[in-house]
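**Student:** quick one, structure for this:
(one chain, ligands or ions: 2)
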Amino acid sequence: ATPMSIMVGVGRGAHAGVLIKNAEALERFEKIDTLVVDKTGTLTEGRPAVTQIAPAAGFDQPGLLRLAASLERGSEHPLADAILRAAQERSLDLAEASDFDSPVGKGVTGVVEGRRVALGGARLMEEQGVDLSPLADRAEALRREGATAVFAAVDGRLAGVLAIADPVKATTPEAVAQLKAEGVRLVMMTGDNRTTALAVAQRLGIEEVEAEVLPEDKAKVVQKLRAEGRSVAMAGDGVNDAPALAAAEVGVAMGAGADVAIESAGVTLLKGDLQGLVKARRLSQAVMRNIR
Ligand code: ADP
Ligand code: MG
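**Tutor:** Numbers count the residues shown, from 1 in each chain. Ligands and ions are numbered 1, 2, ... in the order given. Here you go, the predicted structure:
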């Protein structure tokens, strides 16, 4: 490859908000036939909002939200942000939390006003021995609408479920349609629940879904596809995504994402949407054609 056309390509990318780290990343992009894409923050806005609050017997909506928000003050997860904003909108006075823990990809636990509070997905609740049956149907209905169901437990008993919905980015449907039309195999990957993930994937026309993937397993999904002979790009935004970005032939970070994600990536999309990925792939193909 002539360095000159590569440099021109990198420059043209930068103009379009696509930062390409080096010549290799640009060259590799041409051969990409598979895109693994993180759901939260990549396909979706990554700015979810609380859309429903369903307390269990013995709790009311403000009380449930107040406990949840008091605990989430210790978390930087987008779901925590949604819960904190919901509490703020209702001007709830939050309490201090102690013994805070945040098992990655599962949720948060701690003590609020002497009560043991846990907040997160079904996996965390099972680990804590919480019986989900009173709200299991309700949670499943929320997920079928594409929302994430976040359960709350107090002293080991189910206290309620919050529906948190993360809208799909305005530019995602078109970018997905273009990538599919260009023959790219799309795989959605997420730590989120399978029903929620399938609801979002179906809306976008994405047929392959890897759901309920723990952070440490995200890179394995990429490695498995590469072992099948696919040329894989991985797009993600989070701290959790960094190993998967590094495992891909081309890692693609969202501009507004975590610093480690950007460091692990060969390409950064400054506008933070997949339209940039479509551009980067076309640019790479044009540059490589030019060189040959
Ligand atoms: P993604 O891969 O979609 O970015 P994560 O791996 O970050 O998702 O989280 C997976 C799941 O863990 C969430 O859907 C949620 O059920 C639970 N979870 C993680 N962090 C939190 C939190 N701070 N509060 C509530 N639930 C959480
Ligand atoms: Mg994410």
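
**Student:** where does the stretch 51-200 of the chain have low pLDDT?
**Tutor:** The model of the stretch 51-200 of the chain has no residue with pLDDT under 70.

**Student:** excluding sequence neighbours, find me the nearest residue to Thr268.
**Tutor:** With sequence-adjacent residues excluded and distances taken as C-beta to C-beta, 6 or more residues apart in numbering, Thr268 is closest to Leu19, at 4.2 Å. No exception for glycine: its C-beta is placed from N, CA and C like everyone else's.

**Student:** just checking, the one you found touches Gly13?
**Tutor:** Yes: applying C-beta atoms under 8 Å as the test, Leu19 and Gly13 come out as touching, 6.9 Å apart.

**Student:** between those two, tell me which one has more neighbours.
**Tutor:** Neighbours per residue (other C-beta atoms under 10 Å) separate Leu19 from Gly13, with Gly13 holding more: 25 against 20.

**Student:** what's the spacing between that one and ligand 2?
**Tutor:** 24 Å (C-beta to the ion, to the nearest Å).

**Student:** show the contacting residues for that residue.
**Tutor:** Counting by C-beta atoms under 8 Å, 6 or more residues apart in numbering, Gly13 touches Leu19, Ile20, Leu26, Lys279, Ala280, Leu283.

**Student:** and it, what helix or strand is that in?
**Tutor:** Using DSSP states H and E, Gly13 maps to helix 3-15.

**Student:** now that helix: buried residues?
**Tutor:** Neighbour-count burial for helix 3-15, counted by 16 or more other C-beta atoms under 10 Å, picks out Ser5, Ile6, Gly9, Val10, Gly13.

**Student:** contact partners for whichever residue of the stretch 151-292 of the chain sits closest to ligand 2?
**Tutor:** Residue nearest to ligand 2 within the stretch 151-292 of the chain: Gly238 (3.7 Å; C-beta to the ion). By C-beta under 8 Å, 6+ apart, the residues touching Gly238 are Asp38, Thr40, Gly41, Gly257, Ala258, Ala261.

**Student:** out of these, the closest to Ala170 would be?
**Tutor:** Of all the contacts of Gly238, Gly41 has the smallest distance to Ala170: 14.7 Å, by C-beta to C-beta.

**Student:** any idea how far that closest one is from Asp273?
**Tutor:** According to C-beta to C-beta, to the nearest Å, Gly41 and Asp273 sit 11 Å apart.

**Student:** shared neighbours of these two, which are they?
**Tutor:** Met254.

**Student:** please list the residues of this protein that sit near ligand 1.
**Tutor:** 38-40, 72, 75, 77, 79-80, 105-108, 119-121, 148, 150, 190-192, 215, 238, 240 (C-beta under 6 Å from any ligand atom).

**Student:** excluding chain neighbours, give the residue nearest to Ala159 in space.
**Tutor:** Ala152 (4.4 Å).

**Student:** that neighbour: neighbour count?
**Tutor:** 28.

**Student:** let's verify it: helix, strand, or coil?
**Tutor:** The three-state label given to Ala152 by DSSP: H, G, I helix; E, B strand; the rest coil is strand.
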